[in-house]
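*Asks:* Fold the following.
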Amino acid sequence: MANETGAKTALVVGGSRSLGLRITEELLGRGWDVIATVRSAGSEGLELLRETYPSGGLTVETLDMTEPSQIDALKERLDGTSLDLLFVNAGITNADEPVGAVSTDDFVKVMVTNALSPMRVIETLGSLVTPAGTIGVMSSRQGSVSFNTVGGHEVYRASKSALNQLVRSYAARTSADSRTLLLVHPGWVQTELGGTDARLTVEESARGVADVLEDHGGDGGLQFIDYQGHIVPW
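*Replies:* A predicted model of the protein is given here:
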């Protein structure tokens, strides 16, 4: 549902840096109004976007999604807002080491950030999304059990697999809901996680992710797809 200006509205959780920032920029460039969250006050990237799009299309909110009280507070601040898209991008990784070498604290931190917290965002803020809207989450091909033939990044992989399973459970539990659910693999991207040898620039991936979010809005049901719209095996 477009707002009074005729623009659709997206909430991008984790929209202040790297791929999240470029997705925010891509949506703004396509005429969306975007609410982008940052973990702590201040984001040079978002301030530059605010200067580029001075018409008020960008709103910045502070949110640490690992703190349930902050999610609740954001819900209160957004009371009355209708979202056409809720996209949860935030996530972390850890050192590439066998799971037996990972400390309990590191394991819990990755799982809480990558799997539990996005679901808390969806459970709390999903009701703001219009019946024809889309709830998207940044997943990864590394969360695919079928594709795991080389190992590595074990805890990160496990966190994305857990995220996929939780979203699938959510979809089953809310099967009568008309909203579209998308788990999106952004490709191998030149980010902190992907490294400099990755095939895609941040801009190329963001463009593809935005295409997928727009093209599959209104599909209904749940899909696990990549930045080119190809199905990713579970």
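*Asks:* Contact partners for I135?
*Replies:* Contacts for I135 (Cβ atoms under 8 Å, 6 or more residues apart in numbering) come out as L85, L86, F87, I122, G126, V129, R179, T180, L181, L182. C-beta coordinates here come from the backbone N, C-alpha and C atoms, glycine included.
*Asks:* Narrow those to those in helices?
*Replies:* Here DSSP state H is the test, and the contacts of I135 give I122 as lying in helices.
*Asks:* who wins for most neighbours among the contacts of I135?
*Replies:* Counting neighbours by other Cβ atoms under 10 Å, F87 leads the contacts of I135 with 27 neighbours.
*Asks:* can you give me the helices in this structure?
*Replies:* Using DSSP H, the helices of the chain run over 18-29, 44-52, 68-77, 104-111, 117-125, 154-173, 202-215.
*Asks:* what angle separates the longest one from helix 117-125?
*Replies:* Spelled out, that is helix 154-173. Per axes from the mean of the first three to the mean of the last three Cα atoms, to 10 degrees, the angle that helix 154-173 makes with helix 117-125 is 30 degrees.
*Asks:* sorry, back to before: for W234, which of the helices of the chain is the nearest?
*Replies:* helix 154-173 (6.7 Å; Cβ to Cβ).
*Asks:* per-residue confidence averaged over the closest one?
*Replies:* For helix 154-173, mean pLDDT is 97.
*Asks:* before we move on, the earlier item: ranking the helices of the chain by burial, who's on top?
*Replies:* Mean neighbour count (mean count of other Cβ atoms under 10 Å) peaks for helix 18-29 among the helices of the chain, with a mean of 24.
*Asks:* Identify the residues contacting that helix?
*Replies:* 10, 12, 14-16, 34, 36, 43, 45-46, 49, 52-53, 57-58, 85, 87, 89-90, 138, 186, 189, 191-192, 202-203, 205-207, 209-210.
*Asks:* now stretch 45-61
*Replies:* 7, 15-17, 21, 24-25, 28, 32-38, 43, 74, 77-78.
*Asks:* Could I get the pLDDT score of H185?
*Replies:* Listed pLDDT for H185 reads 96.
*Asks:* Run through the protein and note the low-pLDDT ranges.
*Replies:* Along the chain, the parts satisfying pLDDT under 70 run over 1-5, 192-194.
*Asks:* Next, the angle from the longest strand belonging to it to helix 154-173.
*Replies:* Using DSSP state E to define each element, the chain has its longest strand at strand 129-138. Per the same axes, to 10 degrees, the angle that strand 129-138 makes with helix 154-173 is 160 degrees.
*Asks:* Only the buried residues of strand 129-138, if you could.
*Replies:* For strand 129-138, burial by neighbour count (16 or more other Cβ atoms under 10 Å) applies to V129, T130, G133, T134, I135, G136, V137, M138.
*Asks:* Sheet-wise, list the partners of it with their directions.
*Replies:* Within its sheet, strand 129-138 is paired with strand 83-88 (parallel), strand 180-185 (parallel), according to DSSP bridges.
*Asks:* got the CA positions of the first one in CSV?
*Replies:* Provided in CSV are the C-alpha atoms of strand 83-88 (Å, rounded to 0.1, in the frame of the first residue of the first chain):
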residue,chain,number,x,y,z
LEU,A,83,5.0,-1.2,5.7
ASP,A,84,5.1,-2.8,2.2
LEU,A,85,8.4,-4.4,3.1
LEU,A,86,10.1,-5.5,6.2
PHE,A,87,13.7,-6.6,5.4
VAL,A,88,15.9,-7.9,8.2
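*Asks:* which ones are touching F87?
*Replies:* So F87 contacts A10, L11, V12, V13, I23, T134, I135, G136, V137, M138, L213 (Cβ under 8 Å, 6+ apart).
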